[in-house]
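Novice: based on what follows, work out the 3D shape:
(one chain, ligands or ions: 1)
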Amino acid sequence: MKNTAGSETAKRAAGEAAAAEVADGDRVGLGTGSTAAHAIRTLGERVADGLAIEGVATSYQSRALAKEVGVPLLPLSDVARVDVAIDGADQVATDANALVKGGGAAHAREKVVASAADRFLVVADDSKLSASLDYPVPVEVLPDALARVERAVVDAGGEPTLRDAERKDGPVVTDNGNLVLDCEFGGVDDPAALARDLSGVAGVVEHGLFVGLADAVYVGDADGDVTTRTP
Ligand SMILES: O=C[C@H](O)[C@H](O)[C@H](O)COP(=O)(O)O
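Specialist: Below is the predicted model:
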């Protein structure tokens, strides 16, 4: 489920500010979504100006965009670490320590890349900031485990909804061939505990709670100004 409230100016400002942090020779994780796309386009412009980097895409979408703008790519399956990863979020806790991601169903690969990054930079417009995390948590599920995982989410106090796409009959299928449950927990008081609980359920491929992974959050506003938050 996408959080589409923010302005394009704010997203662009955040994406450009984070892309400016990338240095010559870096291996760069390329996030997914409309905000990360601004960072990828900026990196494409910098590559055209002579910046030498290698990108690692987190989704079909980010791979296609990187190719379009001329960012050279390495396959994720060959990569154990990246220097810096830049990615968006659907909701960011104001203390910058926890995020909800996966509105575009890309959170499994995004978490692999974020966890492989020396520096994980999050880019977001200011509508994504929230004192407490109350955005539905996407959970990628092995198709055969759907019923089992739905029950586990209910047991954990959540309300799971199988994600459907507007222009597709049937459920969303991720780039990894799995299903997505958007899980409403109301406010998440202890993101680390919920993250641990969800990771412990057999059949959960990955969930969209990113706790303690971000090194900095670049927050853009509608005037094009950017502030940086660190956990
Ligand atoms: O699965 C998608 C990703 O986690 C995105 O980074 C997240 O949904 C934010 O996307 P956007 O920048 O388009 O709001």
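Novice: apart from its neighbours in sequence, what residue is nearest residue 52?
Specialist: Nearest non-adjacent residue to residue 52, counting by CB to CB, 6 or more residues apart in numbering: residue 24, 5.5 Å away. All C-beta spots, glycine's among them, are computed from the backbone N, C-alpha and C.
Novice: can you check the pLDDT for the one you found?
Specialist: Residue 24 carries a pLDDT value of 98.
Novice: how about the one 3 residues further on?
Specialist: Predicted confidence (pLDDT) at residue 27: the value is 98.
Novice: quick one on the thing from earlier: tell me if the residue nearest to residue 52 really is in a helix.
Specialist: No. Going by DSSP: H, G, I helix; E, B strand; the rest coil, the assignment for residue 24 is coil, not a helix.
Novice: pretty sure it sits against residue 53.
Specialist: Yes. Counting by CB atoms under 8 Å, residue 53 is a contact partner of residue 24 at 7.5 Å.
Novice: neighbour count winner among those two?
Specialist: More neighbours surround residue 53 than the other of residue 24 and residue 53, with 19 against 9 (other CB atoms under 10 Å).
Novice: measure stretch 42-57 end to end?
Specialist: 15 Å (CA to CA, to the nearest Å).
Novice: near the ligand, which residues of the chain are found?
Specialist: Contact residues (CB under 6 Å from any ligand atom) of the chain with the ligand: 3, 31-36, 87-90, 101-107, 110.
Novice: swap the cut-off to 5 Å and go again
Specialist: Where proximity means CB under 5 Å from any ligand atom, the interface of the chain facing the ligand comprises 32-35, 88, 90, 101-104, 106.
Novice: residue contacts, residue 83?
Specialist: 23, 26-28, 117-119 (CB atoms under 8 Å, 6 or more residues apart in numbering).
Novice: correction: the previous question concerned residue 118.
Specialist: Shown in contact with residue 118 (CB under 8 Å, 6+ apart): 81-84.
Novice: which of the residues you listed fall in strands?
Specialist: 82-84 (DSSP state E).
Novice: dump those into a markdown table; add pLDDT as well.
Specialist: Conversion of the ones in strands among the contacts of residue 118 to a markdown table gives the following (pLDDT from 0 to 100):
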| residue | pLDDT |
| --- | --- |
| 82 | 98 |
| 83 | 98 |
| 84 | 98 |
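Novice: got a list of what the residue nearest to the spatial centre of the chain touches?
Specialist: Nearest to the mean C-alpha position of the chain, by CA atoms, centre = their mean, lies residue 101 at 4.5 Å. Residue 101 makes contacts with 87-90, 107, 110-111, 138, 208, 210, as judged by CB under 8 Å, 6+ apart.
Novice: what about 7 Å?
Specialist: Going by CB atoms under 7 Å, 6 or more residues apart in numbering, residue 101 touches 89-90, 107, 110, 208, 210.
Novice: before we move on, back to that, how about the residue nearest to residue 52, phi and psi?
Specialist: phi -60, psi 130 (degrees, to the nearest 10).
Novice: so which bits of the longest strand that the chain contains are buried?
Specialist: What stands out as the longest strand in the chain, according to DSSP E, is strand 117-125. Neighbour-count burial for strand 117-125, counted by 16 or more other CB atoms under 10 Å, picks out 117, 119-125.
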